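S.K.: I would like to see how this sequence folds:
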Amino acid sequence: MSMSYQLAQSNDLPKLSAFVNRAYRGDTARQGWTHEADLLDGTRVEASLLAEELARGVSLVMAYDSDELLGCYHFEMKEAYTAYVGMITVDPLKQGGGLGKKLLENAFARARSSGAQLIKLTVMSDRHELIAYYERRGFKLTGTEFTFDPSDSRYGLPKRDLVLLEMSKNL
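M.R.: Predicted coordinates for the structure are as follows:
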């Protein structure tokens with residue numbers, strides 16, 4: 001499999017939001033191991049929110065094999081030497097084959113080329129297997145926590161109170 005990467009444009013956003021929602025929410029998401037279907041209802045992300053992110057300079061990176069969308073991630077520089085990666089998504093039917101690792105490696109390379117020395121992400125505290133996955137890739141919990149804000153339903157409707165944990169990795 002040969003992956004190529006491209007930055008999302010505004011005409012990609014409906015397809016990208018549908019891809020992310022299928023991977024994170026509902027019964028189709030349960031075919032993979034990274035879903036949030038047991039924690040939140042509703043959508044993971046709406047195209048309108050992705051458009052806002054593009055407008056503020058966020059990179060939405062899409063990974064393809066030929067013309068098949070296999071994965072994506074959100075990338076942005078937060079501070080002079082700190083990058084943030086999020087919305088790391090792999091097609092549920094393709095999970096477990098190393099695609100997530102390739103997405104992270106691409107994000108690390110993008111961060112380094114942008115001058116970052118540190119990369120951060122957040123993960124829900126309930127997602128112990130995902131925290132362990134990121135730890136195996138060199139991330140460490142920073143001790144910083146954020147309460148999931150249920151007031152913006154464009155990120156989903158939490159089934160209970162959720163806490164996001166910050167993780168970071170030196171590049």
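
S.K.: and the closest residue to F139 other than its chain neighbours, what helix or strand is that in?
M.R.: In space, and not counting its chain neighbours, F139 is closest to M167: 4.1 Å by Cβ to Cβ, 6 or more residues apart in numbering. All C-beta atoms are positioned from the backbone trio N, CA, C, and that covers glycine. If you go by DSSP states H and E, M167 is part of strand 163-170.

S.K.: now could you export just the CA positions of that strand as PDB?
M.R.: Provided in PDB are the C-alpha atoms of strand 163-170 (Å, rounded to 0.1, in the frame of the first residue of the first chain):
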ATOM      1  CA  VAL A 163     -12.500  14.600  30.500                       C
ATOM      2  CA  LEU A 164      -9.800  15.100  27.800                       C
ATOM      3  CA  LEU A 165      -6.200  14.400  28.800                       C
ATOM      4  CA  GLU A 166      -3.300  16.200  27.200                       C
ATOM      5  CA  MET A 167      -0.400  14.100  25.900                       C
ATOM      6  CA  SER A 168       2.900  15.400  24.400                       C
ATOM      7  CA  LYS A 169       6.000  14.000  22.600                       C
ATOM      8  CA  ASN A 170       9.300  15.700  22.100                       C
END
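
S.K.: For the residue nearest to F139, name its beta-bridge partners.
M.R.: Counting by DSSP bridges, M167 is bridged to L121, L141.

S.K.: which secondary structure elements does the strand holding M167 contact?
M.R.: strand 118-124, helix 128-136, strand 140-147 (3 or more Cβ pairs under 8 Å, 6 or more residues apart in numbering; DSSP states H and E).

S.K.: Does the last one pack against any helices or strands, and if so which?
M.R.: Counting contacts by 3+ Cβ pairs under 8 Å, 6+ apart, strand 140-147 packs against strand 163-170.

S.K.: how far out from the middle of the chain is the strand it packs on?
M.R.: 13 Å (Cα atoms, centre = their mean, to the nearest Å).

S.K.: what's it in contact with?
M.R.: Here strand 163-170 makes contact (Cβ atoms under 8 Å, 6 or more residues apart in numbering) with 108, 117-125, 131, 134-135, 137-148.

S.K.: Let me see the mean pLDDT of that strand.
M.R.: Mean pLDDT, strand 163-170: 97.

S.K.: just the strands in this structure please.
M.R.: Under the criterion DSSP state E, the chain contains strands at 4-7, 40-41, 59-65, 68-79, 82-90, 118-124, 140-147, 157-158, 163-170.

S.K.: Brilliant, that's me finished.
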